[in-house]
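> Need a 3D model of the sequence below.
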Amino acid sequence: MERKRKSKLILLGRIFAYFTGALILIVALFSLYVIHVSHISPPPIADKSPLQLQRKQIDADCYSIGNNWFRKSNTGLYELYVEGKPFERGVINGKLTAELVKRQEDNFTEQIRKLVPSSIYQHFLRYFIGFFNRNLEHYIAPEFKEEIYGLSFSASDEYGYIGTKYERLMNYHAAHDIGHTLQSMALVGCTSFATWNDRSADSSLIIGRNFDFYVGDKFAEDKIVAFYHPDNGYRFMMVTWAGFTGVVSGMNEKGITVTVNADRTSIPSGAATPVSLVAREILQYAGNIDDAWRIAGKRKMFVSESFLIGSAADNKAVVIEKTPEGMDIYRSGGNYITCTNHFQSNKMGKLVSNKQQISESASAYRFERLNELLQEKRVNTVQTTADILRDPYGLHNRNIGIGNEKAINQMIAHHSIIFEPKKQIVWVSTAPWQLGRYIAYDLNKIFSMHGLRQNVELNDSSLNIAADPFINTSSYRAFITYRKLKQQIAEGQTVNIPELISSNPEFFHTYELAGNYTYKHGDPAKAITYYQIALTKEIPTKQEANRIKRAIVKCSK
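The predicted structure follows:
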């Protein structure tokens, strides 16, 4: 009997050993497969002579290479001009902005470490993104691959564990797409609108947008206003960051504007063209709305997105709505159009995922607030556009807490921008968020330059929009206190909860933070009180409301 029992144990042990060995082999083979498929080979470049170019220092924070230049404005914005062929543009861009390319990747990876503190999960995230973006290069136009490759020579040497320099920059171009598939990270939630004819004071097209893409405060510090003169297509400008050649907000010399707004999407199974590079192609090659529609239609995307397209030639704006499976266009039928983070067209508006987005996210509320303000103002101007983009309140001017995602101004904007396409003028916000001055650039003047010989201011100061008076109020100072205390809680520091409450008393998250803090410090009854107050406030999403309800259940056990 004992012998039989031992024989069974030995057999079971062998089976377990074989099973474990097979599992390890499967995991190892899968890891090798992921590493293999996530590798991205750079495009062949016949002429690499641009790598020998050297930048010339004109002044502190001001450099040039031939007609190309890069400088830091007194406004705090960086300004860049590049021209030439794709690989040449990329190399020159990287050489001129080398310090920022490295610093931006430092900031980006630092924020990822905060979101994903475990080194094990960080490495898993690397392979997840690599697998997610497998075959990415097959969906990107050769021109853009060459430009990104040229730019990659200036990337940091410190992040080889993430991938080669070229692989990293290619994957970073899909960061916007990955960000809004992981919606719980609250990385994206943008707002845009346009007015024309009788809804604009001088009947011309005016477009405004907030780009609420948040990857930490440092990521938004080094904004670049970039001016491009490519060897093919139209000249254009865009607001961007170092190491990134895609477009999220921009205008070309024909008066086409492009801004992107994320919509609800499922986790994709594989790569396609990043949204930013679809927008880039539209901006570089479209002269009117029909061109933009044609270009968007020929590219497959792996997320759902709305492109608000303004056109001087058509003197109006439309929204091109695109999913991995289809595409439609929304025309408002009036002389203004609004766009947040859900679809409006007949085809896309009926999608189950879109109805879920409307019912569960902050998009519909923010959309209603945007339309409310446009109806109040009735006739729009550039100043009015800035006022709307800066609005921090809820419906009927109700205080819903400063920083609420239901507000047009969520106090997280990477940048805010205003366009007047026919006049070729663009206004770009300065820190903090969109509360600082909006700086005006005349594209006609910028593109008439032939290089930069001395460090001079390039914006049209006579057209600049003054900073929002809100930054001089006690409410703003209280909000800064709220952000400081929120950060201290995240770092495990001791804070004064009454001070936290008084710093932003109408914001649901203030009370959620108070509940989390008091529960952690051993007072679940008090935590429940704070959570219950949070539920009485304007909560942006169903997901956040459910999170608070789960916390109450946890405290009640």
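> Closest to the centroid, which residue in this structure?
With distances taken as C-alpha atoms, centre = their mean, residue 213 lies nearest the centre of the chain, 3.3 Å away.
> Excluding chain neighbours, give the residue nearest to it in space.
residue 414 (4.9 Å; C-beta to C-beta, 6 or more residues apart in numbering). Heads up, the C-betas are built off the backbone N, CA and C, glycines and all.
> pLDDT score for the one you found?
Here, the pLDDT recorded for residue 414 equals 94.
> Could you give the backbone dihedrals for it?
phi -70, psi -40 (degrees, to the nearest 10).
> do residue 308 as well
Torsion angles, degrees, to the nearest 10, at residue 308: phi -80, psi 120.
> burial count for it?
26 (other C-beta atoms under 10 Å).
> now do residue 462
By other C-beta under 10 Å, neighbour count at residue 462 equals 6.
> distance of it from residue 339?
The spacing between residue 462 and residue 339, counted by C-beta to C-beta, to the nearest Å, is 31 Å.
> Residue 507 now?
Counting by C-beta to C-beta - residue 507 and residue 339 are separated by 25 Å.
> Check residue 138 too.
30 Å.
> Listing request: residues of the stretch 151-300 of the chain with sub-threshold pLDDT.
175-176, 178-188, 266-270 (pLDDT under 70).
> ranges for the strands of it?
191-195, 206-211, 224-230, 236-240, 249-252, 256-262 (DSSP state E, counting those that start in this stretch).
> got it, and the stretch 401-550 of the chain?
Going by DSSP E, counting those that start in this stretch, the stretch 401-550 of the chain shows strands at 415-420, 425-429, 438-442.
> and the longest one with strand 438-442, angle?
For strand 415-420 against strand 438-442, the angle by axes from the mean of the first three to the mean of the last three C-alpha atoms, to 10 degrees is 40 degrees.
> cool, the second one as well?
Orientation of strand 425-429 against strand 438-442 (the same axes, to 10 degrees) gives an angle of 150 degrees.
> Any buried residues in strand 425-429, and which?
By neighbour count on 16 or more other C-beta atoms under 10 Å, the buried set for strand 425-429 is 425-429.
> the more surrounded of residue 138 and residue 339?
Applying other C-beta under 10 Å to residue 138 and residue 339 shows that residue 339 carries more neighbours, namely 29 against 10.
> Isn't that one up against residue 306?
Yes - Residue 339 lies in contact with residue 306 (C-beta atoms under 8 Å); the separation is 5.5 Å.
> Identify the contacts common to those two.
With contacts defined as C-beta atoms under 8 Å, 6 or more residues apart in numbering, the residues adjacent to both residue 339 and residue 306 are 261, 319.
> before we move on, back to that, export the strands of the stretch 151-300 of the chain as a markdown table, with columns for distance to residue 420 and mean neighbour count.
Formatted as a markdown table, the strands of the stretch 151-300 of the chain follow (distance: least, C-beta to C-beta, whole Å; neighbours: other C-beta atoms under 10 Å):
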| stretch | distance to residue 420 | mean neighbour count |
| --- | --- | --- |
| strand 191-195 | 11 | 29 |
| strand 206-211 | 6 | 28 |
| strand 224-230 | 16 | 22 |
| strand 236-240 | 13 | 26 |
| strand 249-252 | 9 | 26 |
| strand 256-262 | 10 | 28 |
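> In this protein, where is pLDDT below threshold?
1-39, 112-134, 175-176, 178-188, 266-270.
> got the domain boundaries for it?
Residue ranges for the domains of the chain, per automatic domain parsing: 56-472, 474-556.
> Return the distance of residue 430 relative to residue 440.
12 Å.
> Helices of the stretch 401-550 of the chain, start to end?
443-447, 474-490, 497-503, 508-520, 524-534, 542-556 (DSSP state H, counting those that start in this stretch).
> Columns distance to residue 359 on top of these, output as JSON lines?
Output for the helices of the stretch 401-550 of the chain, formatted as JSON lines (distance: least, C-beta to C-beta, whole Å):
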{"stretch": "helix 443-447", "distance to residue 359": "41"}
{"stretch": "helix 474-490", "distance to residue 359": "28"}
{"stretch": "helix 497-503", "distance to residue 359": "30"}
{"stretch": "helix 508-520", "distance to residue 359": "18"}
{"stretch": "helix 524-534", "distance to residue 359": "20"}
{"stretch": "helix 542-556", "distance to residue 359": "7"}
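> any chance of the ones you listed in CSV, with distance to residue 99 and mean neighbour count too?
Listed next are the helices of the stretch 401-550 of the chain as CSV, based on distance: least, C-beta to C-beta, whole Å; neighbours: other C-beta under 10 Å:
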stretch, distance to residue 99, mean neighbour count
helix 443-447, 23, 16
helix 474-490, 26, 16
helix 497-503, 36, 17
helix 508-520, 35, 22
helix 524-534, 43, 19
helix 542-556, 38, 15
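> who's in contact with residue 432?
residue 471.
> redo that, cut-off 6 Å
Residue 432 makes contact with no residue, according to C-beta atoms under 6 Å, 6 or more residues apart in numbering.
> Go through the strands of the stretch 401-550 of the chain and name the closest to residue 406.
Across the strands of the stretch 401-550 of the chain, residue 406 has its closest neighbour in strand 415-420 (17.4 Å, C-beta to C-beta).
> Tell me the strands beside the closest one, with direction?
strand 206-211 (antiparallel), strand 425-429 (antiparallel) (DSSP bridges).
> can you redo these as CSV with distance to residue 406?
What follows is these, written out as CSV (distance: least, C-beta to C-beta, whole Å):
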stretch, distance to residue 406
strand 206-211, 13
strand 425-429, 21
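> now for those, which one comes closest to residue 328?
strand 206-211 (20.5 Å).
> show me where the stretch 51-200 of the chain has helices.
Going by DSSP H, counting those that start in this stretch, the stretch 51-200 of the chain shows helices at 86-96, 98-115, 119-132, 142-152, 165-172, 175-181.
> For the closest residue to residue 391 other than its chain neighbours, which residues are in contact?
Using C-beta to C-beta, 6+ apart and skipping the chain neighbours, the partner closest in space to residue 391 is residue 408 (4.8 Å). By C-beta under 6 Å, 6+ apart, the contact set of residue 408 is 191, 370, 391.
> Please report how far residue 408 lies from residue 457.
30 Å.
> For burial, what's the neighbour tally of residue 59?
Neighbour tally, residue 59, other C-beta under 10 Å: 12.
> For it, which non-adjacent residue is spatially closest?
Nearest to residue 59 is residue 455, by C-beta to C-beta, 6+ apart, at 3.7 Å.
> Pull the contacting residues for that neighbour.
Counted by C-beta under 6 Å, 6+ apart, residue 455 has contacts 58-59, 62, 71.
> want to throw the residues you listed into a markdown table with distance to residue 256?
Below are the contacts of residue 455 laid out as a markdown table (distance: C-beta to C-beta, whole Å):
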| residue | distance to residue 256 |
| --- | --- |
| 58 | 32 |
| 59 | 34 |
| 62 | 30 |
| 71 | 26 |
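> Who wins on neighbours among these?
residue 71 (23 neighbours).
> Quickly list what it is bridged to.
Residues in beta-bridge contact with residue 71 (DSSP bridges): residue 62, residue 79.
> And it, how close does it get to residue 77?
Distance from residue 71 to residue 77, by C-beta to C-beta: 10 Å.
> Residue 206 now?
In terms of C-beta to C-beta, residue 206 sits 21 Å off from residue 77.
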